[in-house]
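Student: Need coordinates for the below:
(chains A and B)
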Amino acid sequence: AQSVSQHNHHVILSEAASLELGCNYSYGGTVNLFWYVQYPGQHLQLLLKYFSGDPLVKGIKGFEAEFIKSKFSFNLRKPSVQWSDTAEYFCAVNAAYGGATNKLIFGTGTLLAVQP
Amino acid sequence: DGGITQSPKYLFRKEGQNVTLSCEQNLNHDAMYWYRQDPGQGLRLIYYSQIVNDFQKGDIAEGYSVSREKKESFPLTVTSAQKNPTAFYLCASSSGLVETEAFFGQGTRLTVV
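Tutor: Presented below is the predicted three-dimensional model:
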């Protein structure tokens, strides 16, 4: 069965520190990968996505993620975080074929707190 | 203004009662989803629908039911069989192409007393 795991549940960083949030998925077929963010009191919104091509994808607000197929990973990175990046981050995977098409599965989320 | 509307924002029900959460979208999306969000557990998929008049169980469908009679609407009923219904419920939709992202509503917080 398709699943997504996020290794860090809570991360606390100081402003200007670098960020890397881990995401691994278990699905052998073609997948589409997403990172979503939920700022306090706001809707979930898309940060970035990967579906083909360059495995290094860039998203909004200086975030990027690298798809490493051999490791089934899609880690999120940002070189220098800001206080406004305080939010909960979710990795998600969508299968590309078969009965599981469009079964969009999320990880457990990582709560990031950035201290000024 | 295009988007997904969930109503109500807060809902209180007595134990043993069924309750229906509304989700409407005007994005002309084919696919719609219901998730349950609990602290530390992320978003867990309850039901999803790829097209009108069709839906599939997600990972935690027990105690829930849905219908998809219209493209724009995907109501979720939380039945009395759901053992722990108090939670935050999120509805989402997408175009139906697997590489496109889902858009989310503001959520409904259901409290069963």
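
Student: Could you give me the buried positions within the biggest strand by length in chain B?
Tutor: Using DSSP state E, we find that the single longest strand of chain B is strand B:42-51. Neighbour-count burial for strand B:42-51 flags B:Gly42, B:Leu43, B:Arg44, B:Leu45, B:Ile46, B:Tyr47, B:Tyr48, B:Ser49, B:Gln50 (criterion: 16 or more other Cβ atoms under 10 Å in any protein chain shown). Every residue, glycine included, has its C-beta placed from N, CA and C.

Student: The closest residue to B:Leu45 other than its chain neighbours: how many residues sit nearby?
Tutor: Leaving aside its sequence neighbours, B:Leu45 sits nearest to B:Gly58 (Cβ to Cβ, 6 or more residues apart in numbering or on different chains; 3.1 Å). By other Cβ atoms under 10 Å in any protein chain shown, 20 other residues sit near B:Gly58.

Student: A:His9 now?
Tutor: Neighbours of A:His9 (other Cβ under 10 Å): 11.

Student: So it is in contact with B:Gly42, correct?
Tutor: No. Counting by Cβ atoms under 8 Å, A:His9 does not reach B:Gly42; the two are 9.8 Å apart.

Student: overlap in contacts of those two?
Tutor: A:Thr108, A:Gly109 (Cβ atoms under 8 Å, 6 or more residues apart in numbering or on different chains).

Student: which residues sit in contact with the residue nearest to B:Leu45?
Tutor: A:Lys103, B:Tyr33, B:Trp34, B:Tyr35, B:Arg44, B:Leu45, B:Ile46, B:Tyr47, B:Tyr48.

Student: could those go into TSV alongside distance to A:Tyr50 and pLDDT?
Tutor: Formatted as TSV, the contacts of B:Gly58 follow (distance: Cβ to Cβ, whole Å; pLDDT from 0 to 100):
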residue	distance to A:Tyr50	pLDDT
A:Lys103	17	80
B:Tyr33	20	95
B:Trp34	25	97
B:Tyr35	21	97
B:Arg44	23	94
B:Leu45	20	93
B:Ile46	26	96
B:Tyr47	26	95
B:Tyr48	21	93
